[in-house]
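Novice: Predicted model, plus sequence, below.
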Amino acid sequence: MKKILFAALLVAMSTFSTFIAKAAPQDELERLIMEETEKFPDYSEQPSRQEEAEIKIKSNNDVAEIGVETNQLRFTTKGKTHIFRIATARRGDSTENIPYGKVFKISRIIFNPSYTPTEETKKEYFEKHRGRKKLKDVYFPGENGNALGFVKFYLYNENGKISSLGGHTTDSPNSIGKRVSHGCFRFSDKDGETFATLILLEDGYTIEEIREIIKQAKMHRHKSISIKVKNGPTAIYRRK
């Protein structure tokens with residue numbers, strides 16, 4: 001899967017460079033780029049039931065500890081700990097629903113994710129803006145209003161089921177370091193990219209392959225690139 005993905009990305013990059021060299025008209029260039037990006041592996045936002053059944057908690061000794069009260073994610077890999085400043089669950093009901101100490105596994109990363117607001121989020125947004133604004137049912141990759149930013153991290157429980165919690169970057173960078181979410185942890189785009197890179201390196205990707213994936217994701221913000229992580233780290237919510 002990894003080699004096929006990387007090969008597709010290299011083909012798209014090479015073809016894109018050829019389009020530029022030929023100085024194609026703008027409309028034609030956009031059409032050709034769209035055709036090439038359709039060749040990227042693309043998955044639905046929710047992995048299949050078969051895939052869920054295949055995913056089990058398997059520790060590779062890498063651990064991501066999400067400190068809700070400290071607004072820090074401590075990621076230990078290869079004996080080194082990286083500390084990321086994050087946004088975490090706000091006080092109140094959101095905090096009470098956090099499964100502290102429960103073991104999850106990060107088994108999927110999506111660059112340029114789509115965003116489907118929950119009914120609770122839509123209601124809060126509507127009330128916050130006194131009925132003058134409302135959220136859409138879905139925001140596509142790269143679309144203004146997509147709150148998930150550049151990259152999303154899926155958490156799976158011990159039964160291979162997707163958790164409603166997870167991690168992602170954000171279109172509200174000022175929220176980093178604060179307790180504002182319903183339970184998910186948020187990164188800045190830069191830190192989310194770094195976290196994804198560390199996970200993929202441990203999963204067997206080379207730094208050159210990861211850089212190319214990220215480069216293509218940034219070039220084609222309208223297109224999701226979904227990667228199944230075979231040997232992802234353990235993720236645990238902590239109070240501190």
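Specialist: That came through, no problem.
Novice: from here on, contacts and neighbour counts on C-alpha atoms
Specialist: Fine.
Novice: And the strands in the chain?
Specialist: 63-67, 72-77, 80-85, 88-89, 103-111, 151-156, 162-169, 179-181, 185-187, 225-228, 234-238 (DSSP state E).
Novice: how about those in a markdown table, adding distance to residue 209 and mean neighbour count?
Specialist: Below are these laid out as a markdown table (distance: least, C-alpha to C-alpha, whole Å; neighbours: other C-alpha atoms under 10 Å):
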| stretch | distance to residue 209 | mean neighbour count |
| --- | --- | --- |
| strand 63-67 | 23 | 22 |
| strand 72-77 | 19 | 21 |
| strand 80-85 | 22 | 15 |
| strand 88-89 | 31 | 27 |
| strand 103-111 | 14 | 24 |
| strand 151-156 | 17 | 25 |
| strand 162-169 | 21 | 19 |
| strand 179-181 | 32 | 18 |
| strand 185-187 | 22 | 32 |
| strand 225-228 | 12 | 21 |
| strand 234-238 | 23 | 21 |
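Novice: Turn these into TSV, columns for mean pLDDT and distance to residue 120.
Specialist: Below are these laid out as TSV (pLDDT from 0 to 100; distance: least, C-alpha to C-alpha, whole Å):
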stretch	mean pLDDT	distance to residue 120
strand 63-67	96	23
strand 72-77	96	26
strand 80-85	96	26
strand 88-89	92	15
strand 103-111	95	24
strand 151-156	96	20
strand 162-169	92	13
strand 179-181	91	12
strand 185-187	96	18
strand 225-228	95	27
strand 234-238	95	22
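Novice: Where do the domain boundaries of this structure fall?
Specialist: The chain resolves into domains spanning 1-41, 42-238 when parsed by automatic domain parsing.
Novice: most neighbours per residue, which of those?
Specialist: Highest mean neighbour count of the domains of the chain: domain 42-238, a mean of 18 (counted as mean count of other C-alpha atoms under 10 Å).
Novice: Turn the strands of the chain into CSV, including distance to residue 125.
Specialist: Output for these, formatted as CSV (distance: least, C-alpha to C-alpha, whole Å):
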stretch, distance to residue 125
strand 63-67, 26
strand 72-77, 26
strand 80-85, 25
strand 88-89, 17
strand 103-111, 25
strand 151-156, 22
strand 162-169, 19
strand 179-181, 13
strand 185-187, 18
strand 225-228, 28
strand 234-238, 26
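Novice: wait, which of those is closest to residue 137?
Specialist: Among these, strand 162-169 comes nearest to residue 137, with 17.2 Å by C-alpha to C-alpha.
Novice: thought residue 171 was touching residue 147?
Specialist: Yes: with contact defined as C-alpha atoms under 8 Å, residue 171 reaches residue 147; the gap is 5.1 Å.
Novice: Against residue 142, how distant is the residue nearest to residue 126 when sequence neighbours are not counted?
Specialist: Distance criterion C-alpha to C-alpha, 6 or more residues apart in numbering; nearest residue to residue 126, sequence neighbours excluded, is residue 134 at 5.0 Å. According to C-alpha to C-alpha, to the nearest Å, residue 134 and residue 142 sit 19 Å apart.
Novice: before we move on, what about residue 153?
Specialist: As judged by C-alpha to C-alpha, residue 153 and residue 142 stand 17 Å apart.
Novice: which stretches of this protein aren't confidently modelled?
Specialist: For the chain, the stretches flagged by pLDDT under 70 are 1-60, 93-96.
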